[in-house]
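> build me a structure from this.
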Amino acid sequence: MTVAIAAILGALAYDGMSRTRPRANFNGVSAELQSLVHFARLHALAEGVSVAVLVYPQYRGEGSQGRIIVYQESTNPAWSLFNTAAALNFDNYDPAVLAAAAPPAPDLPATIVTTLDLSSGVNFGPDVGLAVAALPFPYNGITTNVACSFCNAGGTGTRANRGAIVFNSRGQASFYSAAGNALAVQGGSLSICGTDLIAAGTTSMSCGGVLATGTFTTSTLVVTGVSGTGRTFHNG
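Numbers count the residues shown, from 1 in each chain. As a prediction, this is how the structure comes out:
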């Protein structure tokens, strides 16, 4: 009897841990994402040069999907990742290679500051984003009903579904879905969802390709253009 009770208690404890692990993993990724974007802005202010946060929702790593690259631009604008005439630009950039522009001296080269691959069980999404009608000021007017408001939806290979937040030396943010001009928006949003964290419901949605009927636990980072500051909103 004692052994049977111990076995039952052990099973209950394991079940509880199996339920809390996805939540802890998701919360950790959410906090890391916000910290990474905040760090990129501070890095741009400290170095006096533009710093880009490159977002690749469909990049597949070892047991994960989704990659973010923090890329410090060269001091030569002609070698900017967002200059369509540059040999290495956002349209042909390969997130698996992690290349950086290297203009001749005395201009300083671009550098890869850091990268973040999302953990297993966390994807960029869902396709409906935060799924709220409006956010409070100063985030009202920023699109939040998509997984990534500044990412392109088409393309193939390295050009498929990517976007970027670029912080200038004053900490202000611009948003890009391709090389060339910045998007004419007042801010941007980027959502992540837990593939194992689903609340019952009747709506079908996708979390980075994982389909479910219900609502995925979602964390959405919203960044304003004028100040470059951000805030994370949670749903679920």
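> can you give me the helices in this structure?
When secondary structure is read from DSSP state H, the chain shows helices at 2-47.
> residue contacts, the residue nearest to Leu54 when sequence neighbours are not counted?
Beyond its immediate neighbours in the sequence, the residue positioned closest to Leu54 (CB to CB, 6 or more residues apart in numbering) is Ile69, lying 4.2 Å away. Yep, even glycine has a C-beta here, placed from its N, CA and C like the rest. Applying CB atoms under 8 Å, 6 or more residues apart in numbering, we find Ile69 in contact with 52-54, 56, 95, 98, 112, 115.
> go through those and name the one nearest Pro77.
Ranking these by separation from Pro77, with CB to CB as the measure, puts Ala52 on top at 13.3 Å.
> pretty sure that closest one contacts Ser80?
No. Because the distance of 9.1 Å does not satisfy CB atoms under 8 Å, Ala52 is recorded as not touching Ser80.
> sorry, back to before: closest to Phe39 out of the contacts of Ile69?
Ranking these by separation from Phe39, with CB to CB as the measure, puts Val53 on top at 9.5 Å.
> tell me what the closest one is bridged to.
The bridge-partner assignment for Val53, based on DSSP bridges, gives Val70, Ile165.
> before we move on, the earlier item: out of Ala52 and Ser80, which sits in the more crowded spot?
Neighbour tally, Ala52 and Ser80, criterion other CB atoms under 10 Å: the higher count belongs to Ala52, 25 against 22.
> need the contact list for that one.
Ala52 is in contact with 40, 69-73, 81-82, 164-167, counting by CB under 8 Å, 6+ apart.
> just the contacts of Ile69 now: which is nearest Gly187?
In terms of CB to CB, no member of those lies closer to Gly187 than Val53, at 13.6 Å.
> my guess is that closest one contacts Ile165. True?
Yes. Val53 is in contact with Ile165 according to CB under 8 Å; the separation is 4.4 Å.
> what is in contact with the two at once?
37, 40.
> returning to that earlier point: and the contacts of Ile69, which is closest to Gln34?
When the contacts of Ile69 are compared for distance to Gln34 (CB to CB), Val53 wins out at 11.5 Å.
> pLDDT weak spots in the chain?
Of all residues in the chain, those with pLDDT under 70 make up the ranges 1-20, 133, 155-159.
> 50 instead, please
Across the chain, the ranges flagged by pLDDT under 50 are 3-18.
> buried residues of the longest strand along the chain, list them for me.
Within the chain, and with DSSP state E defining each element, the longest strand by residue count is strand 187-207. Along strand 187-207, these residues count as buried under the neighbour rule (16 or more other CB atoms under 10 Å): 187-198, 205-207.
> kindly report the same for stretch 115-133.
By neighbour count, and taking 16+ other CB under 10 Å as the criterion, the buried residues in stretch 115-133 are 116-119, 121-131.
> noted, bye for now.
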